[in-house]
Each structure stands twice: as C-alpha cells, then as structure tokens.
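**Student:** Got a predicted structure plus its sequence, pasted below:
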2 protein chains.
Amino acid sequence: MKITRKVTIKDVSQHSGFGIGTVSRAINQSEGISEKTRKKIQASIEQLGYTPNYVAQSMRSQKYKSIAFFADISNPVFAQIAKSVQIELDSYGFTLSLCSIGEKNVEEKISSFLNGRSFDGIILSIPTEKDWKLNKVLTKIDIPVVPINRDVPTLPPGVLTDYYSSVKKAINYLISLGHESIAMITGNKEIRPTREGIRAYKDCFDFQGKQFNEELILSGKLNSKSGEELLLEIAPKIHRGEVTAVLSLNNQMFYGILRAMRKESLRYPDDISIITFEDNELTQLLDPPVTSIHRPIDDMGKQIAQVLLKYIQDPESYGEEEPIVIPTEFLIRDSCKPII
Amino acid sequence: MKITRKVTIKDVSQHSGFGIGTVSRAINQSEGISEKTRKKIQASIEQLGYTPNYVAQSMRSQKYKSIAFFADISNPVFAQIAKSVQIELDSYGFTLSLCSIGEKNVEEKISSFLNGRSFDGIILSIPTEKDWKLNKVLTKIDIPVVPINRDVPTLPPGVLTDYYSSVKKAINYLISLGHESIAMITGNKEIRPTREGIRAYKDCFDFQGKQFNEELILSGKLNSKSGEELLLEIAPKIHRGEVTAVLSLNNQMFYGILRAMRKESLRYPDDISIITFEDNELTQLLDPPVTSIHRPIDDMGKQIAQVLLKYIQDPESYGEEEPIVIPTEFLIRDSCKPII
DNA sequence: TTGAAAGCGCTAACAG
DNA sequence: CTGTTAGCGCTTTCAA
C-alpha cells in the first residue's frame, strides 16, 4: 500500500484537464467560470475526494476562518456560550480557539496569545472595563471584537444581557413581598452588569419613594470566595433582621453566598430571602429551589457568533450595528418569603 | 500615518544584513548558526517587533501547533479539562480548538471537522467505544489521538481515571455501613468507566462472599434525563427498603437522580444513602452535603496535554507509553447512613 | 472563459 | 557558518 499524499488543487487540475486557476474559481464559487466547467471540476473534486487546504488558503487570502474566544471557561456560563458559539461558527466553516484569562494581566495574556496567530475575529469577556492597558491593546487590534456584557470604550457594544430589567423585576418582587432592606451582591463596579444592576435597584426604590441605602450594594470579585466574604460581612445585619433579602448578580458569587449562609447557620427563606442570577442545576435542586433570573445562554452564544460573522463578512458594518440585548426570564421559586 | 504592513522575515533579513535562511535558523533555534549572529538577528527582531507568521510556518513545516478537542463542553468536567489543557498547551505555543460532539453521528462530526483543517493532535471523549464507524475514521487519522477515559481498540490508552479503585472504596464504605442492596447507576456498558465500575462492584461483593445482584446495575446515557429515569425505575424498591443505597458514576446522571428523588419524595440519607462521582458546588452545597468521589481535574488536563505533546514531539513513542491513571479521593460527607 | 505565472511568508536542502 | 533557492497549496492578477 503506498502512502497517499493529500490530494491538492494540482491533482484536480490534472484530473479535470483544467488549469489550476480555473479549479480555484470553481472551489470558491467565484465569477467568470462557465457552469459546464464548474460541474466537470466538481465531479473531479468528488472523485478525488479533494478538500482545499485551509492553511494554504489562509496564507494567500488572509482569511483564516478562525475565531479566538477569551474568557474563563471554568465558569459553566462561558462554557455553554463557548459551546453554542462553536456550533454556530462550525456551520459557517469557522473554528473556535480557546484562551483562558484570569483576573490579572489580561492585556498581556491577550496580546501574547494573538501574537503571531491569525484570527478573523475575537469574542471577549473581561473582568473589568477600566483596564487602561487592555484598552490600549484592544485599539491596536485590526479585526472585529465582540465583547460579552461589557461596555468597552474602544469597542462596539456587542451582546448584552438585560440586567436592568432583570434586576428591576427581582427587586420589585422583593418589595412586593414587603422587603425594604435588600442587599445586592455584585461584581466590581467597572462592569456593565453591576452598573445596570445598581441603576435598576435605585430606580425601583425611587419609584416607590423609598430610601435607597448605598451600603446595601456590596461589590466584589466575580468568584465564590468574594461572594462568601461579602455575605459574611452583612451576616450580623441579617441575624439582627436589618437585612431581609439578598440578590446575587453572579452565579459564581452565589456559591460563596450559600457557603457563607451555611457557616452562619442562616437558612432561606426563613432567615433571609434570596434570589440569584443564572438558573442551573444547583438553583433547581437546592431545597427549597431558588428563585432566579434565567437567560437563554445558547441563544446568546448563537447571537454572538452571528454578529461577529456579520462584522467579518462586512467590515463596514463593524461598530454600526445596534447592541444585541438578550432578555431574561424571572423564575419564581421558593427561596423568598413575605415579610409579615 | 502610513499603513504598517506586517513585518516579515525578509525585513529582518535586510535590517540585520543576514540572509533569510540564517534568520529562519535564528528564529527556530536551529543548529548551524553562531551565537554572535543569533544575537544580532535577535536584536533586529526585537527592534522591528517581528513575529513569525504562524500560517506560513505551518504551511511549510507541516506543523500547526494546534490541537483539536472533541467533547461536550457543556459538561463542566470537560469545560474544566479544556481549560487546563489550554493553559498547558499555551505554554508550549499550541492552540486548542473546540468541537462539540453529541451522542450521535460522532464519526461524521469528527471527520467533517477535521476535513481540510490541520491539527497536530487530537483529544477525544466519546460516548461509546463500540462505534464501528467511528473506529474506522479513527484508524485513518495520521496524527496522535489521546482519548479520555476510553479504551478505543484502535488507539493507545491515553489518560484514565481510576474508576476501579474509586468504586471499590465507595462500595466497601457502603457495605461497612451495613448496606447490602446497593444500586449503581452508570453510563452505557461500552465505556471503560462502566466496565471498571461493574468489575469493582462485583469484586467487592465476591470478596465479602455476598450475593451480587445484576439487576442493581442500571445503565443508561450520560445525561441527567437518563439518571432520572433509572432512579424512577428503582424508586419502588427504595420505598420498600429493597434498595438502601445508590452510587452514581456520573455527574450529569446525578442531577437526574436528585430530581427523581425529589419527585418521589425520597430523602437522603434517611430514605436512601447516596454517593456520586465528581465533587462540585452542588455536592458541597446540598443539605446535607453529598459523599463523593473526587478527581483532580486540572491535573488530568495537564497530563492529557503532556502526553499528547510527547506523542507529537516524538511520534515513535505514540502508543508505546503506559496509560496514565489519575487517582481519586473519596470524600465522606453526610449523605450515607448506616443500616441498623 | 480560461491558463499561466507571480507571489503569500516561511523552511529546508544545497552550495559555497 | 551563511546565502540562495525551490517549493508548501492556494488565490489572484494579467494575458490570451
């Protein structure tokens, strides 16, 4: 058995009797080729089992059919987004490459990852918008970038979850149950979800003509440890009944909140009412199940892929598109109790 | 401001005064170049801010510094593996590309994904080992493939979790608590974890001189729905006290098991003792927390990357390496109760 | 409409 | 030790 060299465009050219250029035109569905020859060449391609070499195509065309995804994939939310983005991209022949980023040195990670590699576009979730170094790096990138849930000054808005309405629904629900002292646990204040959450929170209280207490907004990092610390901070108030409800804007922080509650022997909904962003196995299987804000993550991933693809295909449109806002659903379960 | 063309090896050659070939040798740390020239060239490279074009390098060298990862990343276990694999690969300049696969048409997905694209290696987690079509596709692949927890006939063993010891510990623990009718919920029987689990289960009973009841091994699919159905199947027995413990070999199935228990108003540890594979937020935060089998996932990812890299760097060693066995930890918590 | 030929940026073989 | 050159497989002028 002889070693089978990969079949190239040259083989197709010979086999079909047409020139290399013509074959290329047939492959790329380009103009200036008769339907007849296209068919003949197509037949040769199928007989030989030819597939164009993506690497060679890329080198010549400067198109890579490849997207870089920067996020912390160990967060199931991003894992799921990555999955649906990949599935969507795949149907357009695009490949998704992963790059994990943490809290620190994000710009360094991103630029060293991009260095030398070639992508047509980037999907990005970053820990803070106010990262001067990062923003500098981002301006230098000459391919479209779609941020997830971030307002990056140098970038078009991308895809956003409707945190404002979500938080409004949650807070109003708690108010309707009679809660007045509602703590809200959020990530740092330099990301859109936090800003939008706070805005919604304030608006709810303003609308009700109620006093808004700044101290009840607790900002930290987007991880469970931080969530735990923040809950521990207000635990005394909860014990004293000075805080009767907690709204968590982040799934990871919520894990920490639950851990802290356990440590403090605080039980929901009796000692405290709780609501969290992101519905998942945990919120469903906890006893009682947790009232939560749900977003269609697969749909989000699909939309992210779609905008990016649009930007790539039509660079003129980059930055001209309206932000895509993903609506959420408010799932009332049994983790909140009315104040009597 | 003039448009800055990307600097190429030619520029470096001109700037440094050395030939293109010499520059290439400097870049690739190849033999046959004096330390002096290397330094001079290095200086030029830095001054010009040159980075080799990976695409061109790949095209010429047939090395792509690129790995394909086939798995269902929406399972947090694989997401975390993907993350740590990526981090490890990144330190060697390799890129990780994602491809989601489901339960069906796996061979079709894999081969169409690979088609035209170029990778140096593959990481693979497949739903069943007895997939004739898939195995046929796999034999045709001429780059190293590292399977995760699977014995694929046509492939070297790769990286394996020690299911045998893990299950043995769990079963023996249950036996020591006085349990005799232990149900084990597993994936399909054509994957290594199931086979190893069953073998361990049998060995434990044999060793104790106890009767092993085949009916208590419940095989299904690796998803929560299947876990739910299987638990529902034996629910009557649990109610009657004919089954007193359940061991779940899969994290996804475990979600379903918990759902089914809730439907059936079955509570652990009072109505039934439970143990599951994979420790995570859910097992820790459930009340009471769940006794579980934990494996070091990040370490697993790192090892997967390492073997694959070794195979790529030294193709002779492909298939000659011993399987890498990942040990597990048995975390006793409060989900099991002794039989009195 | 088609073919020929010039590269894309790089590596590797060959010469010197 | 270093320079020159021939491609890798493809797209894209430019002629025919």
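**Tutor:** In hand now; what should we look at?

**Student:** Could you use CA atoms for every contact and neighbour count after this?
**Tutor:** Fine.

**Student:** I'd say residue A:317 and residue A:311 touch.
**Tutor:** Yes. Taking C-alpha atoms under 8 Å as the definition, residue A:317 is a contact partner of residue A:311 at 5.9 Å.

**Student:** These two: which has the busier surroundings?
**Tutor:** Relative neighbour count places residue A:311 above the other of residue A:317 and residue A:311, with 21 against 12, counting by other C-alpha atoms under 10 Å in any protein chain shown.

**Student:** The residue nearest the centre of chain A: what's it in contact with?
**Tutor:** With distances taken as C-alpha atoms, centre = their mean, the residue of chain A nearest its centroid is residue A:148 (4.4 Å). Residues counted as contacts of residue A:148 (C-alpha atoms under 8 Å, 6 or more residues apart in numbering or on different chains) are A:123-125, A:158-160, A:304.

**Student:** residue ranges with poor pLDDT in the stretch 151-300 of chain A?
**Tutor:** When the per-residue scores of the stretch 151-300 of chain A are filtered using pLDDT under 70, no range remains.

**Student:** Over to the residue in chain A that chain B sits nearest to. Which of the three states is it?
**Tutor:** Of chain A, the residue with the smallest distance to chain B, taken as C-alpha to the nearest C-alpha, is residue A:97 at 4.3 Å. In the three-state summary, residue A:97 is assigned as strand, counting by DSSP: H, G, I helix; E, B strand; the rest coil.

**Student:** quick one: it from DNA strand C, how far?
**Tutor:** Distance of residue A:97 to DNA strand C, computed by C-alpha to the nearest atom of the strand, to the nearest Å: 21 Å.

**Student:** now the contacts of residue A:148 in JSON lines, with secondary structure and distance to residue B:255?
**Tutor:** Conversion of the contacts of residue A:148 to JSON lines gives the following (DSSP: H, G, I helix; E, B strand; the rest coil; distance: C-alpha to C-alpha, whole Å):
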{"residue": "A:123", "secondary structure": "strand", "distance to residue B:255": "31"}
{"residue": "A:124", "secondary structure": "strand", "distance to residue B:255": "30"}
{"residue": "A:125", "secondary structure": "coil", "distance to residue B:255": "28"}
{"residue": "A:158", "secondary structure": "coil", "distance to residue B:255": "34"}
{"residue": "A:159", "secondary structure": "strand", "distance to residue B:255": "30"}
{"residue": "A:160", "secondary structure": "strand", "distance to residue B:255": "30"}
{"residue": "A:304", "secondary structure": "helix", "distance to residue B:255": "29"}
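
**Student:** which among the residues you listed gets closest to DNA strand C?
**Tutor:** Set against DNA strand C, the nearest of the contacts of residue A:148 by C-alpha to the nearest atom of the strand is residue A:123 (24.8 Å).

**Student:** Looking at strand pairing, list the partners for the closest one.
**Tutor:** With DSSP bridges applied, the residues forming beta bridges to residue A:123 are residue A:69, residue A:146.

**Student:** mind putting the contacts of residue A:148 in CSV, neighbour count and distance to residue A:38 included?
**Tutor:** What follows is these, written out as CSV (neighbours: other C-alpha atoms under 10 Å in any protein chain shown; distance: C-alpha to C-alpha, whole Å):
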residue, neighbour count, distance to residue A:38
A:123, 22, 37
A:124, 19, 40
A:125, 17, 44
A:158, 25, 39
A:159, 23, 40
A:160, 20, 44
A:304, 25, 35
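
**Student:** got a list of contacts for stretch A:157-166?
**Tutor:** In this structure, residues lying in contact with stretch A:157-166 by C-alpha under 8 Å, 6+ apart are A:146-151, A:193, A:196-197, A:199-200, A:293, A:295, A:300, A:303-304, A:307, A:319, A:322-330.

**Student:** Count the neighbours of the closest residue to DNA strand D within the stretch 201-340 of chain A for me.
**Tutor:** Nearest residue of the stretch 201-340 of chain A to DNA strand D (C-alpha to the nearest atom of the strand) works out as residue A:313 at 13.3 Å. The criterion is other C-alpha under 10 Å. On that basis, residue A:313 has 12 neighbouring residues.

**Student:** How much space separates it from DNA strand C?
**Tutor:** 21 Å.

**Student:** Now that residue, what are its backbone angles?
**Tutor:** For residue A:313, the backbone dihedrals (degrees, to the nearest 10) come out as phi -70, psi -30.

**Student:** ok, now which ones touch it?
**Tutor:** Residues in contact with residue A:313 (C-alpha under 8 Å, 6+ apart): none are found.

**Student:** all helices of chain A, in order?
**Tutor:** The residue ranges that make up the helices of chain A, judged by DSSP state H, are A:9-16, A:20-27, A:35-48, A:54-61, A:76-90, A:106-114, A:132-140, A:163-176, A:192-207, A:224-239, A:251-263, A:281-285, A:297-313.

**Student:** How far does the first one sit from its chain's centre?
**Tutor:** On the basis of C-alpha atoms, centre = their mean, to the nearest Å, helix A:9-16 sits 44 Å off its chain's mean C-alpha point.

**Student:** Mind listing what's buried along that helix?
**Tutor:** A:9, A:11-13, A:16 (16 or more other C-alpha atoms under 10 Å in any protein chain shown).

**Student:** what comes into contact with it?
**Tutor:** Residues from elsewhere that reach helix A:9-16 (C-alpha under 8 Å, 6+ apart): A:19-20, A:23-24, A:40-41, A:44-45, A:48, A:50, A:52.

**Student:** near DNA strand D too, which of those?
**Tutor:** The overlap between the contacts of helix A:9-16 and the neighbours of DNA strand D (C-alpha under 7 Å from any atom of the strand) comes to A:20, A:24, A:52.

**Student:** What are the neighbouring residues in contact with the residue lying closest to the last one once chain neighbours are set aside?
**Tutor:** Translated: residue A:52. Distance criterion C-alpha to C-alpha, 6 or more residues apart in numbering or on different chains; nearest residue to residue A:52, sequence neighbours excluded, is residue B:116 at 5.9 Å. Under the criterion of C-alpha under 8 Å, 6+ apart, the contact partners of residue B:116 comprise A:51-54.

**Student:** Now pLDDT too, for those residues, in a markdown table please.
**Tutor:** Shown next, in a markdown table, are the contacts of residue B:116 (pLDDT from 0 to 100):
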| residue | pLDDT |
| --- | --- |
| A:51 | 90 |
| A:52 | 91 |
| A:53 | 91 |
| A:54 | 92 |
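
**Student:** residues from the stretch 51-200 of chain A in reach of chain B?
**Tutor:** By C-alpha under 8 Å from any C-alpha of the partner chain, the part of the stretch 51-200 of chain A that sits against chain B consists of A:51-56, A:58-59, A:72-74, A:76, A:79-80, A:82-83, A:86-87, A:95-100, A:115-118.

**Student:** can you do 7 Å?
**Tutor:** Residues of the stretch 51-200 of chain A lying close to chain B by C-alpha under 7 Å from any C-alpha of the partner chain are A:51-56, A:59, A:73-74, A:76, A:79-80, A:83, A:86-87, A:95-100, A:115-117.

**Student:** Show me just the buried residues among these.
**Tutor:** By neighbour count, with 16+ other C-alpha under 10 Å, these hold A:51-56, A:59, A:73-74, A:76, A:79-80, A:83, A:86-87, A:95-100, A:117 as buried.

**Student:** Check the gap between the closest residue to residue A:172 other than its chain neighbours and residue A:180 for me.
**Tutor:** Nearest residue to residue A:172, sequence neighbours excluded (C-alpha to C-alpha, 6+ apart): residue A:204, at 6.6 Å. Going from residue A:204 to residue A:180 by C-alpha to C-alpha, to the nearest Å gives 11 Å.
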